[in-house]
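# With the input below, show me the fold.
(one chain, ligands or ions: 2)
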Amino acid sequence: HLRHLGWSSDTLAWHRSYPIAQGNRQSPIDIVSARAVYDPNLKPLVFSYESCASLNISNNGHSVMVEFEDTDDKTAISGGPLENPFRLKQFHFHWGTNRSQGSEHTIDGKPFPCELHLVHWNARKYATFGEAAAAPDGLAVVAVFLEVRIAKIACLYDESIFFFQGTKAQFSSFNPKCLLPLSLDYWTYLGSLTTPPLNESVTWIVLKEPISISEKQLEKFRMLLFTSEEDQRIQMVNNFRPPQPLKGRVVRASFK
Ligand SMILES: CC[C@H](CNC(=O)c1ccc(S(N)(=O)=O)cc1)c1ccc2[nH]ccc2c1
Ligand SMILES: [Zn+2]
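Ligands and ions are numbered 1, 2, ... in the order given. Sure, this is the predicted structure:
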């Protein structure tokens, strides 16, 4: 369990095994809204999540993840900065020990308590997710901020399953459309995976409007564990990478 010195200090050591951690298009970043450039050529985002084929929900050791069947474009995103539809592979979350931290991207230096990532891949150009994850235009991840309000989102957390790393349970026909805010205004920039191997293969699409989560639901995430059954228990919290240098990249906005 020593490997869990705490995610945030781990992230500072990642460059030893993954030198790309100090690359030119790393994620997440702090989005300075005044420096984002409005691009009138950016198209609106289209989420075709109608027929949802969610497969399972699992604790993969660094987040809680819902995986989808991605053998065709039935659950895909198109439009926005993308040339063609990208297929939804999985979604997962990043959160903190308390409300003052947890998200990976920040807006004008402000973090949110939680951030949802909807991970899509370019199945028009690449044969497998793994292949797409290694290509500069292979992945598109939609980031949605979650803020704590007395509201509640569709309960994702099925009490009966996973505390421990490696647990997985059947979780069918969950439609992630209910995880999207009303406004689809977004910022977009070229970046990377925020966990090793940190591949620089992600077109990031960060929605401006957050959705609401209840404190109770956030507490449930914090009950998850990084560790497996036999290990000494370590709470899965603060599984977020801090903002990385922009290195000259421009963030475009789909809205004025
Ligand atoms: C290439 C990495 C991949 C495992 N990692 C991910 O899929 C992933 C996805 C999204 C994010 S985030 N937080 O940026 O949204 C971080 C990591 C991965 C690793 C090994 C593999 N073997 C076959 C396929 C395959 C895929
Ligand atoms: Zn993520």
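# buried ones in stretch 57-68?
By neighbour count on 16 or more other Cβ atoms under 10 Å, the buried set for stretch 57-68 is Ile57, Ser58, Asn59, Asn60, Gly61, His62, Ser63, Val64, Met65, Val66, Glu67, Phe68. C-beta: built from backbone N, CA, C; applies to glycine.
# got the contact list for Arg124?
The neighbours of Arg124, taking Cβ atoms under 8 Å, 6 or more residues apart in numbering as the test, are Asn84, Pro85.
# Read off the pLDDT value for it.
On pLDDT, Arg124 comes in at 98.
# From ligand 1, how far off is it?
18 Å (Cβ to the nearest ligand atom, to the nearest Å).
# okay if I get the buried residues of stretch 57-68 as a markdown table plus secondary structure, distance to ligand 1 and pLDDT?
Listed next are the buried residues of stretch 57-68 as a markdown table, based on DSSP: H, G, I helix; E, B strand; the rest coil; distance: Cβ to the nearest ligand atom, whole Å; pLDDT from 0 to 100:
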| residue | secondary structure | distance to ligand 1 | pLDDT |
| --- | --- | --- | --- |
| Ile57 | strand | 16 | 84 |
| Ser58 | strand | 13 | 86 |
| Asn59 | strand | 15 | 84 |
| Asn60 | coil | 9 | 82 |
| Gly61 | coil | 11 | 79 |
| His62 | coil | 8 | 83 |
| Ser63 | coil | 8 | 89 |
| Val64 | strand | 12 | 86 |
| Met65 | strand | 9 | 90 |
| Val66 | strand | 13 | 89 |
| Glu67 | strand | 10 | 92 |
| Phe68 | strand | 13 | 91 |
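# Stretch 239-255 spans what distance, first to last residue?
Stretch 239-255 has its terminal residues 30 Å apart, counting by Cα to Cα, to the nearest Å.
# Provide the backbone phi and psi angles at the residue in the stretch 51-200 of the chain positioned nearest to ligand 1.
At 2.9 Å from ligand 1, Gly130 is the closest residue in the stretch 51-200 of the chain, using Cβ to the nearest ligand atom. The phi and psi values for Gly130, taken as degrees, to the nearest 10, are phi -60, psi -40.
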